[in-house]
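Participant: Got a sequence here, can you model it:
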Amino acid sequence: MFSRSTWQHLRIPFSYYLLPVYLFSLSSSPNLNQPRLFWVFFIVHFLLYPASNGYNSYFDKDEKSIGGVKNPLPVNKGLYSMSLLFDVAAIILAFVTINLTFAVLVLVYGLISKAYSHPSIRLKKYPIAGWLTVGIFQGLFTFVMCYIGTNKYEIENIWKPHVLVPGILSTIQLLGTYPMTQIYQHEEDASRGDKTISLRLGIRGTFYFVAAIFTLATAGFVYYFLTYFNLHYAIVFLASLSPVVVYFFFWFLRVYKHPSNADHSHTMRLNSISATCLNGFFLYLFLDSTQVLQTL
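Facilitator: Got it, this is the predicted structure:
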């Protein structure tokens with residue numbers, strides 16, 4: 001159970017790329033305390049996400065590069081057991097440290113991640129269903145889950161514009177990001193019968209599609225900051241994204257000439273730049289605007 005392969009496929013460091021949603025939820029949270037901040041962060045990023053990664057890897061049995069791992073080791077039964085153990089630990093800790101509502105949301109996320117990967121359902125093999133599942137549950141659903149957890153609220157508190165709007169923006173952003181993470185896996189996805197949205201779009205089509213969604217998401221974020229904050233935050237947000245835009249177009253030009261450049265190394269470099277820029281911005285937003293958001 002505790003083999004090197006198992007720990008590799010849990011991909012705990014990969015949670016860094018999903019951290020922006022948690023940090024964004026903090027910037028919308030008026031009722032924070034340090035213990036809840038820690039427990040929600042730990043449960044989501046060190047238990048729930050790794051459980052999902054491990055479960056997905058166990059059924060995919062990838063032999064080529066996957067997100068965060070260039071050379072994956074063969075999976076074993078221990079990975080399956082460990083992923084379930086992490087799920088159970090996440091649910092129990094969510095109930096003990098936060099409340100029942102947060103624990104139920106953690107349970108639902110785990111069930112959806114299993115429906116995404118398990119052969120009997122495998123939402124992953126459907127281009128639109130798989131794409132929407134990842135966008136909604138790693139975006140809006142996770143935003144709401146973290147908001148409920150860090151504020152220790154009940155579910156009815158999510159029906160407020162300053163919660164729903166950033167949650168929806170998180171989903172739009174992930175709907176743009178996710179196809180790019182599939183761009184180097186076309187051959188392996190096709191061999192398993194997974195008709196991912198990136199596979200359907202093709203390599204160049206994925207770049208065009210992601211650029212369009214990214215533009216829509218950026219416009220939405222600018223609207224959000226102008227509506228709930230001020231022009232300053234909108235400008236800082238755009239400046240924070242500039243390295244992502246520069247690298248995206250640099251990479252696209254290389255791929256346009258030589259499609260073989262749509263590989264794991266370039267994908268992970270884009271993910272790293274994007275996650276670092278967004279994590280930095282949302283951390284700044286949280287620390288700099290706490291007093292402003294308490295008045296919402």
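
Participant: Check which helices and strands the longest helix along the chain sits against.
Facilitator: The helix spanning the most residues in the chain, taking DSSP state H as the definition, is helix 264-293. Judged by 3 or more Cβ pairs under 8 Å, 6 or more residues apart in numbering; DSSP states H and E, helix 264-293 is in contact with helix 19-27, helix 161-181, helix 231-257. The C-beta positions use only the backbone N, C-alpha and C, and glycine is treated the same way.

Participant: Could I get the buried residue list for the first one?
Facilitator: Pointing back at helix 19-27 there. Neighbour counts over helix 19-27 (16 or more other Cβ atoms under 10 Å) mark Leu19, Pro20, Val21, Tyr22, Leu23, Phe24, Ser25, Leu26, Ser27 as buried.

Participant: that older thread, can I get the helices and strands packed on helix 264-293 in TSV with mean pLDDT and distance to Ser5?
Facilitator: Listed next are the helices and strands packed on helix 264-293 as TSV, based on pLDDT from 0 to 100; distance: least, Cβ to Cβ, whole Å:
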stretch	mean pLDDT	distance to Ser5
helix 19-27	95	25
helix 161-181	94	22
helix 231-257	96	31
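
Participant: Met268: which of those helices is closest?
Facilitator: helix 161-181 (9.0 Å; Cβ to Cβ).

Participant: what's the nearest residue to Pro207 if we skip its chain neighbours?
Facilitator: Just so we're on the same page, residue 207 is Phe rather than Pro. If the residues on either side of it in the chain are set aside, Phe207 comes closest to Phe252, at 4.9 Å by Cβ to Cβ, 6 or more residues apart in numbering.

Participant: where do the helices sit along the stretch 101-250 of the chain?
Facilitator: 127-135, 142-151, 161-181, 186-192, 197-201, 203-228, 231-257 (DSSP state H, counting those that start in this stretch).

Participant: Ok, which of the ones you listed comes nearest Leu85?
Facilitator: Between Leu85 and the helices of the stretch 101-250 of the chain, the shortest separation by Cβ to Cβ is 20.3 Å, and it involves helix 142-151.

Participant: Run through the residues that contact Asn151.
Facilitator: For Asn151, the contacting residues are Ser29, Pro30, Asn31, Leu32, Arg36, Asn157, taking Cβ atoms under 8 Å, 6 or more residues apart in numbering as the criterion.

Participant: now, among the residues you listed, which is nearest to Leu174?
Facilitator: Lowest distance from Leu174 to those (Cβ to Cβ) belongs to Ser29, with 19.9 Å.

Participant: Report the residue spans of this protein with pLDDT below the cut-off.
Facilitator: When the per-residue scores of the chain are filtered using pLDDT under 70, the ranges that remain are 1, 290-296.

Participant: now Glu187: how far from Ala275?
Facilitator: Taking Cβ to Cβ, to the nearest Å as the criterion, Glu187 is separated from Ala275 by 26 Å.

Participant: Also Leu32?
Facilitator: From Leu32 over to Ala275 the distance is 23 Å, taken as Cβ to Cβ.

Participant: circling back: with distance to Gln8 added, can I get the helices of the stretch 101-250 of the chain in JSON lines?
Facilitator: Shown next, in JSON lines, are those (distance: least, Cβ to Cβ, whole Å):
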{"stretch": "helix 127-135", "distance to Gln8": "22"}
{"stretch": "helix 142-151", "distance to Gln8": "24"}
{"stretch": "helix 161-181", "distance to Gln8": "18"}
{"stretch": "helix 186-192", "distance to Gln8": "17"}
{"stretch": "helix 197-201", "distance to Gln8": "24"}
{"stretch": "helix 203-228", "distance to Gln8": "27"}
{"stretch": "helix 231-257", "distance to Gln8": "26"}
